[in-house]
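Sharing a model that was predicted from the sequence below.
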Amino acid sequence: MPMMALQDPPAIEISYVGGPTAVLSIGGLHFITDPTFDPAGGEYASGTVRLRKTAGPNVSRDELGHIDVALVSHDQHPDNLDHAGRALLQETPVVLTTKAGAARLGHGAIGLDAWDVHTVKTPSGLTLRITGTPARHGPAGIEKLSGDVIGFVISIADTNQDLVYVTGDTVWYEGTREVARRFHPRVVLLFAGGAMTRGPFLLTMGTNDAIETAAAFPGATIVPVHHEGWAHFTQTQQDLRKTFDTLGFADRLQLVEAGKPLRFGSLAGQSAGPSVVRTQEALNSPLVEPAAASGKGCA
Ligand SMILES: [Zn+2]
């Protein structure tokens, strides 16, 4: 029997909105991660913690265009879901989040536990499988303070090719290591920033955790978000850049930039070498230019 050739996976386009928010376009389907669209300057109470937003979105809600699926890592923190983000969920056909979050959000939001699966169809006819992944929003013991959080892996159902891992707010721990054992995505959308609100410890990935992630996902490009726009983020993209460069992971990191969507092109020959394409040619391809020129998201 001849081996069935693996289909070329679809291109993945990533448009950065700000904070934890990005639009992922795959096969004509538009996902949004942790939607936040409030303007700069807001103060938010989150339990006993106060959060201050220092930058508005790079893409306005009106410029955004249609969103098919919202991936909400958790609903209880305003830097992951703000007022305008909540309003967007009302118009989004599929909302995936934690079980506790789905109960709070209502309106048909779907709750996932780690390893639960939900499938969606793209306009191009692909079935995408979205798997919930474990997340721990800080050191051991944080769960009671932080509440539940979940991450997501998007895969092609028919071929078992993994496309994107969205970490959600988590540190590197045994749960994320297990994600690396089970999945081999081309892109990891990593929630970085070394968030600090409750004491001298990090609540999201810092530079050390980002390097652990890069080492554990050798076939993936690391695309960090959740590193600017809020006063409680302690590490920047440039901190990640310096760390990756120093430790020999320079070509594994792709920084996001407002108005410049990233495009990870499709690639033949999945079995040979890393399944990641991020050439300058892909980034500069005509598909990218219209969105980049208008300064808009995936619209
Ligand atoms: Zn959070």
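Cool, the structure landed.

make it CA atoms for all contacts and neighbour counts henceforth
Fine.

lowest confidence element among the helices and strands of the protein?
Lowest mean confidence among the helices and strands of the chain (mean pLDDT, DSSP states H and E): helix 289-294, at a mean of 34.

Which pLDDT value does the model give residue 49?
As predicted, residue 49 sits at a pLDDT of 88.

same deal with the one 3 residues further on?
In this model, residue 52 is scored at 93, pLDDT.

can you check residue 215 too?
98.

Helix or strand: which one has it?
Using DSSP states H and E, the element containing residue 215 is helix 207-216.

Give the buried residues for that helix.
207, 209, 210, 211, 213, 214, 216 (16 or more other C-alpha atoms under 10 Å).

So the residue lying closest to residue 155 once chain neighbours are set aside: helix, strand or coil?
Excluding the flanking residues, the one nearest residue 155 by C-alpha to C-alpha, 6 or more residues apart in numbering is residue 162, at 4.1 Å. Here residue 162 is recorded as strand under DSSP: H, G, I helix; E, B strand; the rest coil.

again with the one 3 residues further on
Applying three-state DSSP to residue 165 yields a three-state assignment of strand.

who are the neighbours in contact with it?
151, 152, 153, 154, 185, 187, 188, 189 (C-alpha atoms under 8 Å, 6 or more residues apart in numbering).

got the residues you listed as JSON lines, with secondary structure columns?
As requested, these are arranged in JSON lines below (three-state DSSP):
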{"residue": "151", "secondary structure": "strand"}
{"residue": "152", "secondary structure": "strand"}
{"residue": "153", "secondary structure": "strand"}
{"residue": "154", "secondary structure": "strand"}
{"residue": "185", "secondary structure": "coil"}
{"residue": "187", "secondary structure": "strand"}
{"residue": "188", "secondary structure": "strand"}
{"residue": "189", "secondary structure": "strand"}
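
so which of the residues you listed would you say is closest to residue 176?
residue 151 (9.2 Å; C-alpha to C-alpha).

Compute the number of surrounding residues for the closest residue in space to residue 186 that isn't next to it in sequence.
Leaving aside its sequence neighbours, residue 186 sits nearest to residue 220 (C-alpha to C-alpha, 6+ apart; 4.4 Å). Applying other C-alpha atoms under 10 Å, we find 25 residues neighbouring residue 220.

Please tell me I have it right and residue 220 contacts residue 188.
Yes: if you go by C-alpha atoms under 8 Å, residue 220 and residue 188 touch, sitting 6.3 Å apart.

In stretch 39-47, which residues are buried?
Buried, per 16+ other C-alpha under 10 Å, within stretch 39-47: nothing.

now the strands for the stretch 151-299 of the chain?
Using DSSP state E, counting those that start in this stretch, the strands of the stretch 151-299 of the chain run over 161-166, 187-191, 221-225, 262-264.

Turn those into CSV, including distance to residue 43 and mean pLDDT.
Shown next, in CSV, are the strands of the stretch 151-299 of the chain (distance: least, C-alpha to C-alpha, whole Å; pLDDT from 0 to 100):
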stretch, distance to residue 43, mean pLDDT
strand 161-166, 26, 97
strand 187-191, 21, 98
strand 221-225, 21, 98
strand 262-264, 31, 96
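
what's the most buried one of those?
Comparing the strands of the stretch 151-299 of the chain by mean neighbour count (mean count of other C-alpha atoms under 10 Å), strand 187-191 ranks first with a mean of 26.

What is that strand packed up against?
Counting contacts by 3 or more C-alpha pairs under 8 Å, 6 or more residues apart in numbering; DSSP states H and E, strand 187-191 is packed against strand 161-166, strand 221-225.

now it, how far from the centre of its chain.
Its chain's C-alpha centre and that of strand 187-191 lie 5 Å apart, by C-alpha atoms, centre = their mean, to the nearest Å.

Kindly calculate the angle that it makes with strand 161-166.
Per axes from the mean of the first three to the mean of the last three C-alpha atoms, to 10 degrees, the angle that strand 187-191 makes with strand 161-166 is 10 degrees.
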